[in-house]
Every structure is written in C-alpha cells, then in structure tokens.
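compute the structure for the input listed below.
(chains A, B, C and D)
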There are 2 protein chains.
Amino acid sequence: MNVRLMQTNEKIAAVFAATLKLIHTNGFHGTPMSKIAQESDVAIGTIYHYFPSKDDLIFALFKHCRSILNDYIFDGIKEDFDYKASFFHVWRNFVQFYLENGRIFSFFEQFFSSPYYEKNKAEIQEPVGGQNKVLDFLQEGIDKKILKQVNVHLLVASYIGVALSTVHSIKFKDLHFSEQNIKELMEIIWDGAVNRNKNN
Amino acid sequence: MNVRLMQTNEKIAAVFAATLKLIHTNGFHGTPMSKIAQESDVAIGTIYHYFPSKDDLIFALFKHCRSILNDYIFDGIKEDFDYKASFFHVWRNFVQFYLENGRIFSFFEQFFSSPYYEKNKAEIQEPVGGQNKVLDFLQEGIDKKILKQVNVHLLVASYIGVALSTVHSIKFKDLHFSEQNIKELMEIIWDGAVNRNKNN
DNA sequence: CTGCATCAATCGAACGTTCATTCGGTTGCA
DNA sequence: TGCAACCGAATGAACGTTCGATTGATGCAG
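Purely as a prediction, here's the structure:
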C-alpha cells in the first residue's frame, strides 16, 4: 500500500470519503465495513484487498488526512511576513482547515481520544495534526526571544489547545465564526505567548 | 433512576467504576455489557434493571462524572482570594482533577467526540465539564474590567482549551507535570485573558 | 498476430463470533 | 402476599473477515 496509490486509485478515494462521512455522522461505532462498502460502491472484498483489516483502513485514513492538514496549515506564508504575521497566519489556517473539513475534525477527535491512538502512538511518530512543524515554528519564536522563554511544549499546548477548543465551540454553536471573534482570539493567544520583557 | 440512588447503591457504584475502567483501557468499543457485568460482579440482568439500555448507562455515568467535576473545580476558594487568585485556583483545580482522574478524562474525551454527545446535546444543557460555572466566573472578570472586553465564549474556549490540551500533553508524555510548568502555563493564559488597558 | 499463462483487481455470499437485550426464575424484605 | 432487587442462560441481529469465482490487462512463446 503506497502513498501514491492512495491518491490516484479512485476506489480507495471513494472508500476514504465514505468512511469519513460515515464516521462523522455515525461515529466510530455505527460504521461497519458493510456500510462503507455500500456508501462507497466498492465491494467488501475489494476493500479487504487493499486493507488487511478495518484497523488498517482507519490508520491509513488517518495518515492520509494528516498529510492533507500538514500541506494546508503552512501554506500561503509570504516572504515578507514577520514572525507575528506568520504566527497569526498559521493559527488561522489551522482553525480554518478544521472548519472547512468538519469530517476530518470529527474523525481526528474520535481517533485521538480512542485507545486506538494510544496503542499505535509509537508508530504515529508525529503527534496531533502537524504539531511537529508547529513545534519547530514556535521554537523559532522562543529562540528569537519573541515568545516567552519557556518549554516549547507549553506553547504548543496553548496554541493548539485554543484552536481546537475554538473549533469545537463553533461546531457546537457556543460561538459563531466571525472576523471579529477570530481577531480577538488571535490577540488572546498572542498576548499569552509573547515575551513581555522584550515586547514587540 | 434518581441521583441519590446512584451515589448510595453499591451495585450501581460498582457498575460505574467498572465501566469507567473498561472504557479507559478498551475504549467505547471493546466495552460490552458482558464485560461490565464481569468486572463489576453485577449480573447483566441487574444492570438492565437499573438502566434500560447501554446508552442510558453511559449517559447516567456521564452525568455522574460531571457532577463530581463540578464539585471539585470550585472547591477551596477562600474569601480573601482576589480575582486573579481565583482565576489561577480554578484553572489549577481543573487540570488537577483530570490528572487525578485519568479514567474520567478519557471517558469525557471519548464521550464528547462521539456523535452520541451531539445527539443528546439538547438534553445535556450544560456543556463540557462545568463550563457554565466557568462561564459565569469569566463573565464576572469581564464585568469588572479585569479581563479583555470580548465575547465571554472566547475566553471560555481559551481557558478550557489550554487546560484540556495541557492534560492531553501530560497524558501522552510530551510534557511532564511540574510546578514550574503549571506556573508558566497559568501565566500564558492569564496574560492572554487579561485586559491590558486596565492592567492589574 | 495468436494463444496461453499470469496475476492484480474486483466481487459478494457465507461463516463464525460477539454483542445488546430479553425473560423466566429466585430471593428476601415490608 | 407483593414487589423490588437480583440472576444468567438464551436469543437474534449485526459485525469483521474469508474465500472461491470472475474479469481484464500484460507479457511472451510460437
């Protein structure tokens, strides 16, 4: 099962799309292989031709979605962006990606909170949604004395935590998406992360 | 099924404990009624005597855990605490509760990310873990001009988001729990939330 | 070019297991 | 006597997975 195949093979694409859709609406339970076959118009036997088991399918889908996310969040950063502008840009992309891809958000939420994630943690290497690149990016801000001089994981937890929690609130209608709200949230996370001794 | 009964009836307590344990280790899947019966030493028939269905059991367990959380996080606030001290105290309790009750954290994570939550959202009223009291508390800070003059839900998302993300990081070993880390995290969230025009 | 062999891709009925739930019965208190 | 608490074998549905069969493309020997 190579990566290129996943992207070009239309049967697999259909299986991924169907699985994402079903998990979003019916949950990890409530998504039997039989329904995936039905929804995707791919025979059960064919699905098992590509994926040895349901777990393998879920895991492959996870890796697929993660790579889409990774491509997305660091996209569109211009040469002339200063650190603060990039800080906002990435955070915004992160929120936007999940809002535009509600099924992936839902799938990730379920995937990461299942013991399934804990079991395969070693193999997953890179933690939640592109956090390694995020980690490097925040470390850069620490090194440049722009961000607080703390353990980078504290900043990652804050940066990602507020983003995920925001998407969750929007999804469940506590919050509505507006430019004003996003702007104020970015201010909150920036004020929290920034080094107040050597302020910019 | 009344609340008092849940707390005093030892069969139900055993069922709750067993369910929490099994869901923590085996997930929402992998936790059949038969195993709950076995682990709790309560016959299947008896479980169905108290809970009409598995869903009802899960839902009752959720309400039970939520009330424990609510009791916990606002506990220990002293009369002489100023707003900032209470802000730290509640946040710390929140993190501490989940660290001390890993099974409940795990259960909540799975519960809230399942479509099961979405289905019963209306009936759940109060959102994630005691957030209504948290919401009132943060609104108080806004009214007193101590916190940023923004939609209170933005602050709730930040306050809770950072806490949950922190617990998650500690649980999955990106971060270790230390006084220094907690202190710095509280600084991050405080600096983010505080009103910088009328600073304290 | 033809005929044959190979093999990946595809299919879905069938299998055995596991699950949520039922139900007929027992116990013991009021 | 009645009724709530309690029990667990039995039931039927639903699930993940298997497997034997079919198709069509590719390569190669004659």
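
tell me who's in contact with the residue nearest to residue A:9 when sequence neighbours are not counted.
Spatial nearest neighbour of residue A:9, excluding adjacent residues (CB to CB, 6 or more residues apart in numbering or on different chains): residue A:50 at 7.9 Å. For every residue, glycine as well, the C-beta is placed using N, CA and C. The contact partners of residue A:50, by CB atoms under 8 Å, 6 or more residues apart in numbering or on different chains, come to A:1, A:9, A:11-12, A:15.

how far away from the center of its chain is stretch A:97-111?
7 Å (CA atoms, centre = their mean, to the nearest Å).

is that stretch in proximity to DNA strand D?
No: using CB under 7 Å from any atom of the strand, stretch A:97-111 stays clear of DNA strand D, coming no nearer than 13.9 Å.

helices or strands up against the helix or strand hosting residue A:122?
Per DSSP states H and E, residue A:122 falls inside helix A:115-124. When contacts are defined as 3 or more CB pairs under 8 Å, 6 or more residues apart in numbering or on different chains; DSSP states H and E, helix A:115-124 sits against helix A:54-73, helix B:10-26.

following it, which helix or strand comes up?
Next along from helix A:115-124, by DSSP H and E: helix A:131-143.

quick check: what element follows that following helix along the chain?
helix A:152-171.

got the angle for that next one vs helix B:131-143?
100 degrees (axes from the mean of the first three to the mean of the last three CA atoms, to 10 degrees).

what about the helix or strand following helix A:152-171 and chain B, any contact?
Using DSSP H and E, the helix or strand that follows helix A:152-171 in sequence is helix A:179-193. Yes: Helix A:179-193 comes into contact with chain B (CB under 8 Å from any CB of the partner chain), by way of A:181, A:184-185, A:187-193.

residues of chain A that sit close to DNA strand D?
A:30-35, A:44-45, A:48, A:52-55.

now with 6 Å?
A:32-34, A:44-45, A:48, A:53-54 (CB under 6 Å from any atom of the strand).

between these, which is closest to residue B:105?
Within these, proximity to residue B:105 (CB to CB) peaks at residue A:54, which comes in at 26.4 Å.

tell me, what's the model's pLDDT at the closest one?
Predicted confidence (pLDDT) for residue A:54: 96.

quick one: neighbours of it, just the number.
Residue A:54: 15 surrounding residues under other CB atoms under 10 Å in any protein chain shown.

give me the residue from chain A nearest DNA strand D.
residue A:32 (2.9 Å; CB to the nearest atom of the strand).

residues contacting that residue?
Contacts of residue A:32 by CB under 8 Å, 6+ apart: none found.

one more: residue A:186?
Per CB under 8 Å, 6+ apart, neighbours of residue A:186: A:88, A:91-92.

now residue A:57: closest residue in space that isn't a chain neighbour?
residue A:51 (4.1 Å).

what is the burial count for that neighbour?
By other CB under 10 Å, neighbour count at residue A:51 equals 19.

repeat that for residue A:30.
Count around residue A:30 with other CB under 10 Å applied: 13.

need the three-state assignment for it.
coil (DSSP: H, G, I helix; E, B strand; the rest coil).

how close does it sit to residue B:74?
As judged by CB to CB, to the nearest Å, residue A:30 and residue B:74 stand 36 Å apart.

likewise residue A:151?
Look at residue A:151 and residue B:74: by CB to CB, they are 29 Å apart.

try residue A:175
In this view, residue A:175 and residue B:74 are 23 Å apart by CB to CB.

before we move on, what about residue A:102?
In terms of CB to CB, residue A:102 sits 33 Å off from residue B:74.

same question for residue A:92.
For residue A:92, the distance to residue B:74 - CB to CB - is 34 Å.

more crowded one of residue A:175 and residue B:74?
Set residue A:175 next to residue B:74 and count neighbours by other CB under 10 Å: residue A:175 wins out with 20 against 16.

give the contact list for the more buried one.
Residue A:175 neighbours (CB under 8 Å, 6+ apart): A:166, A:169, A:181, B:151, B:153-154, B:157.

max pairwise distance over the residues you listed: which two?
Largest pairwise distance in the contacts of residue A:175, by CB to CB, is 11.5 Å, between A:166 and B:151.

so for those two, which sits in the more crowded spot?
Applying other CB under 10 Å to residue A:166 and residue B:151 shows that residue A:166 carries more neighbours, namely 28 against 18.

ok, now which ones touch that one?
Applying CB under 8 Å, 6+ apart, one finds that residue A:166 lies in contact with A:95, A:175, A:185, B:154, B:157, B:161.

ok, the fifth one touching residue A:169?
It refers to residue B:157. Yes: look at residue B:157 against residue A:169 with CB atoms under 8 Å: they come within range, at 4.8 Å.

out of these two, which sits in the more crowded spot?
residue B:157 (27 against 23).

grab the nearest non-local neighbour of that one.
Nearest non-adjacent residue to residue B:157 (CB to CB, 6+ apart): residue A:165, at 4.3 Å.

check contacts around that neighbour.
Residue A:165 neighbours (CB under 8 Å, 6+ apart): B:157-158, B:160-162, B:164-165.

residue A:197: neighbour count?
Counted with other CB under 10 Å, residue A:197 comes out at 8.

does it belong to a helix, a strand or coil?
coil.

per-residue confidence at it?
78.

which residues touch it?
Neighbours of residue A:197 in contact, by CB under 8 Å, 6+ apart: none.
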